[in-house]
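J.: Have a look at this prediction, sequence included:
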Amino acid sequence: MASLGELTAGIAHKIQNPLNFVNNFSEVVEKNYIVYYRVNYIVL
């Protein structure tokens, strides 16, 4: 049973890492887009 738990935790960790990367990357893109929009469209 313990080895099954370790295996499940390992698989969940492998799945979670790419999801965190995508989520963090999308936040960076969103913030950069907001700054770009403000500089190029609101200020002008």
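T.: Cool, the structure landed.
J.: use CA for all of it now, contacts and neighbours both
T.: Noted.
J.: For burial, what's the neighbour tally of residue 24?
T.: 12 (other C-alpha atoms under 10 Å).
J.: Mind telling me what element it is part of?
T.: Using DSSP states H and E, residue 24 sits within helix 2-37.
J.: what about that helix, average pLDDT?
T.: Helix 2-37 comes out with an average pLDDT of 87.
J.: any idea how far the residue nearest the centre of the chain is from residue 30?
T.: The centroid of the chain falls nearest to residue 23 when counting by C-alpha atoms, centre = their mean (1.8 Å). Per C-alpha to C-alpha, to the nearest Å, residue 23 is found 11 Å from residue 30.
J.: what do you get for residue 15?
T.: For residue 15, the distance to residue 30 (C-alpha to C-alpha) stands at 23 Å.
J.: ok, residue 21 - how many residues close by?
T.: Applying other C-alpha under 10 Å, I find that residue 21 has 11 neighbouring residues.
J.: my bad, residue 31
T.: For residue 31, the count of nearby residues is 11 (other C-alpha under 10 Å).
J.: what does the one 5 residues further on give?
T.: Using other C-alpha under 10 Å, residue 36 is surrounded by 12 other residues.
J.: who's in contact with it?
T.: Neighbour list for residue 36: empty [criterion: C-alpha atoms under 8 Å, 6 or more residues apart in numbering].
J.: quick one: it from residue 2, how far?
T.: Counting by C-alpha to C-alpha, the gap from residue 36 to residue 2 is 51 Å.
J.: Next: residue 33.
T.: Counting by C-alpha to C-alpha - residue 33 and residue 2 are separated by 46 Å.
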